[in-house]
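**Q** After the sequence you'll find the predicted model.
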Amino acid sequence: MKSFENKVAAITGAGSGIGRALALGLARQGCHLALSDVNAAGLKETADLARALGVKALETQVNVADRAAVEAWAEQVMAEYGRVNAIFNNAGVAQGGTVEGNDYADYEWVMSINFWGVVNGTKAFLPHLKASGAGHIINTSSIFGLFAQPGMSAYNASKFAVRGFTESLRQELDMAACGVSASCVHPGGIKTNIALTARMNDSLSSVTGQGVDEGRQQFNDQLLRTTPEQAAKVIINGVLANKRRILIGGDAHASDLMQRLLPAFYQRLVVGSMRLAARFAPKAKRPVSTQEAAE
């Protein structure tokens, strides 16, 4: 696709963050929208903002982990618009904890949304994208789909899986020459609520040297630097340029280079930096007892 004007784009996780910024960025280019999210209130707000920009916006509450719901949504989009040109599989969650400290349920939850949500969206929309004659699949991985770090095994696994899935898909589409392409997006630290809403357990403190709340707040304050609007602009331009890999932020570019130059040794660098950060990290505040408060 060389333009989004008068096209139809479906976006998951459109109720906030990058998903909302994508919706509004596409709307400004004259693209009609099919928006989904589990958060009905946020979804409605995004849809209303998009309509105010002069485009159509269909809003549907969807849990991307529910395959039947995603398939039904795709059929709804076709019934409403008669075509669809792009699917942005953007919805995602985060979880922190060591391999030993995580439950099996933690891995199942993260994979059901971050990986299977991408698979569900891709499979549900791919036949319709082919029928459009000009389509694109945009799957959101992460900076942690380029390199791994301790305490994020579930999240890393899901985002590495998205990367492998999308790169394989892109090659198949290239071979088919069917008018559909695919891009894998690797955002660095984006100023969204994903860190504040992440599920984390106490085992993470053995990695960070901090309590869960302190670590979450520090990550949110210091490492999330790129705005959703900036991220959306990079993604949209990357799709129009038909890029295979879309890196967002200086941290993503640096991490990509580090992994290329030091494909195995980077792990030692990560461990060293994490140990150093843990040594100087603010410690968790100890609750004040009733007796101490009285004194």
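**A** Now that the structure is in, tell me what you want to look at. Numbering: from 1, shown residues only.

**Q** which secondary element of this structure has the worst mean pLDDT?
**A** helix 290-294 (a mean of 40; mean pLDDT, DSSP states H and E).

**Q** is it fair to say residue 197 lies in a helix?
**A** No: assigned with DSSP: H, G, I helix; E, B strand; the rest coil, residue 197 falls outside any helix and is coil.

**Q** okay, now it: neighbour count?
**A** 11 (other C-beta atoms under 10 Å). C-betas here are computed from N, CA, C, even on glycine.

**Q** same deal with residue 109?
**A** Residue 109 has 17 neighbouring residues, counting by other C-beta under 10 Å.

**Q** how far away is it from residue 189?
**A** According to C-beta to C-beta, to the nearest Å, residue 109 and residue 189 sit 23 Å apart.

**Q** after the longest strand along the chain comes which helix or strand?
**A** Longest strand in the chain by number of residues (criterion: DSSP state E): strand 180-187. Remark: after strand 180-187, the chain's next helix or strand is strand 199-200, criterion DSSP states H and E.

**Q** which helix in this structure runs the most residues?
**A** helix 153-176 (DSSP state H).

**Q** ok and that helix relative to strand 180-187, angle-wise?
**A** 150 degrees (axes from the mean of the first three to the mean of the last three C-alpha atoms, to 10 degrees).

**Q** From residue 259, how far off is residue 18?
**A** From residue 18 to residue 259 the distance is 22 Å (C-beta to C-beta).

**Q** Please say which of these two ends up with more neighbours.
**A** The neighbour comparison of residue 18 against residue 259 (other C-beta under 10 Å) goes to residue 18, with 31 against 15.

**Q** Might one say that that one is in contact with residue 187?
**A** Yes: applying C-beta atoms under 8 Å, one finds residue 18 in contact with residue 187, separated by 7.0 Å.

**Q** Which neighbours do the two have in common?
**A** Counting by C-beta atoms under 8 Å, 6 or more residues apart in numbering, the common neighbours of residue 18 and residue 187 are 140, 231.

**Q** what ranges of this structure fall below the confidence cut-off?
**A** Filtered on pLDDT under 70, the chain yields the residue ranges 195-196, 210-224, 280-295.

**Q** Tell me which residues are up against the longest strand of the chain.
**A** Against strand 180-187 from outside (C-beta under 8 Å, 6+ apart): 18, 126, 129-130, 134-143, 145-146, 162-163, 166-167, 169-170, 173-174, 226, 231, 235, 238-239, 242-249, 252, 256.

**Q** Generate a ChimeraX selection restricted to the buried subset of the residues you listed.
**A** For the buried members of the contacts of strand 180-187, the matching ChimeraX selection, counting by 16 or more other C-beta atoms under 10 Å, is:
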select :18,126,129,134,135,136,137,138,139,140,141,142,143,145,146,162,163,166,169,170,173,226,231,235,238,239,243,245,246,247,248,249,252,256
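
**Q** Sitting in strands, which of the contacts of strand 180-187 do you find?
**A** 135-140, 245-248.
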